[in-house]
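**Q** what follows is a predicted protein model with its sequence.
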Amino acid sequence: MEWLLLAGAALLIWGVVLYNRLVSDSHRVKQAWSDISVQLKLRHDLIPKLIAAVDAYASYERTLLHEVTRQRAAAERAKDPAAAAHAEALLGDGLRRMLAIAEAYPELKADRQFLQLMGQLSEVEDQIQYARRFYNGAVRNLNVRIDSFPDLLIARSFSFRPAQFFELEAAVEETRGTRQ
C-alpha cells in the first residue's frame, strides 16, 4: 500500500515537471516571437525614411514606392508567424527592387542619409535573422516536446498546440511561385 502511494506521488510529480517544461517552452516561444516583432517594427520604421530618400532622387518610381508602402502596412498587420513570413517576404522583395533602383542613382548611393539608413537596415536585418533562429529553435523544442512520449500525454491533456515556424525562405519561394 505504501509503495502504491509513493508511486502515485512520483507520477504526480512527474506530471507537474512535464507540464512546467511545456509551459516554459511555450513562454519561450512567445518571448522569441516578441523579439522578432520588435525587430520587424524597427525595420518597418526605417522603410518610410528609405522611401523618402529614394523618392528625392527617383521620383518617377512612385509606383514601386507606393507598392513598398502597401507591403509595409500589410506586414505590420500580420499577426501569426505564417502570415508575417508571407508579408515580410513580399516586403523584402519590394525593398530589394527599390534598392536595385537606387543603384542607378550615383547621387543617391553617395547620400549620407541614405547610406546611414542602409547601414541601419542591414543591422536590423541581421537582428531579424538572429531572432528568427532563436524563435525557430524555441518552436522546434516545444513541438518536439509536444510530439514526444511521454510529454505528449500531458500536452494533449492540457491542449498544448504546436507553434508555427517563421520561415522567410519558404515564404519567398511561395511568393515567387505565385508571380511566375
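**A** Perfect, thanks for sending it. Numbers count the residues shown, from 1 in each chain.
**Q** when you work out contacts or count neighbours from here on, use the C-alpha atoms and nothing else.
**A** Fine.
**Q** surely residue 143 and residue 164 touch.
**A** No - using Cα atoms under 8 Å, residue 143 makes no contact with residue 164, being 9.0 Å away.
**Q** this structure: helices as residue ranges?
**A** 2-57, 62-77, 81-102, 106-110, 112-147, 151-157, 168-179 (DSSP state H).
**Q** contact partners of the second one?
**A** Okay, so that is helix 62-77. Contacts to helix 62-77, defined as Cα atoms under 8 Å, 6 or more residues apart in numbering, come from residues 41, 44, 47-48, 51, 55, 84, 87-88, 90-91, 94-95, 98.
**Q** ditto for stretch 35-46
**A** 72, 76, 117, 120, 121, 124, 125, 127, 128, 131, 132, 135.
**Q** got TSV for these, with distance to residue 64, pLDDT and neighbour count too?
**A** Formatted as TSV, the contacts of stretch 35-46 follow (distance: Cα to Cα, whole Å; pLDDT from 0 to 100; neighbours: other Cα atoms under 10 Å):
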residue	distance to residue 64	pLDDT	neighbour count
72	12	91	24
76	18	91	16
117	19	89	17
120	21	93	15
121	19	91	19
124	22	93	20
125	21	91	17
127	26	94	18
128	24	92	20
131	29	94	21
132	27	94	21
135	32	95	24
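**Q** residue 25: which of these is nearest?
**A** residue 135 (10.8 Å; Cα to Cα).
**Q** what's around the closest residue to the closest one other than its chain neighbours, how many residues?
**A** The shortest distance from residue 135 to any non-neighbouring residue, by Cα to Cα, 6 or more residues apart in numbering, is to residue 32 (4.8 Å). Neighbour count of residue 32, defined by other Cα atoms under 10 Å: 21.
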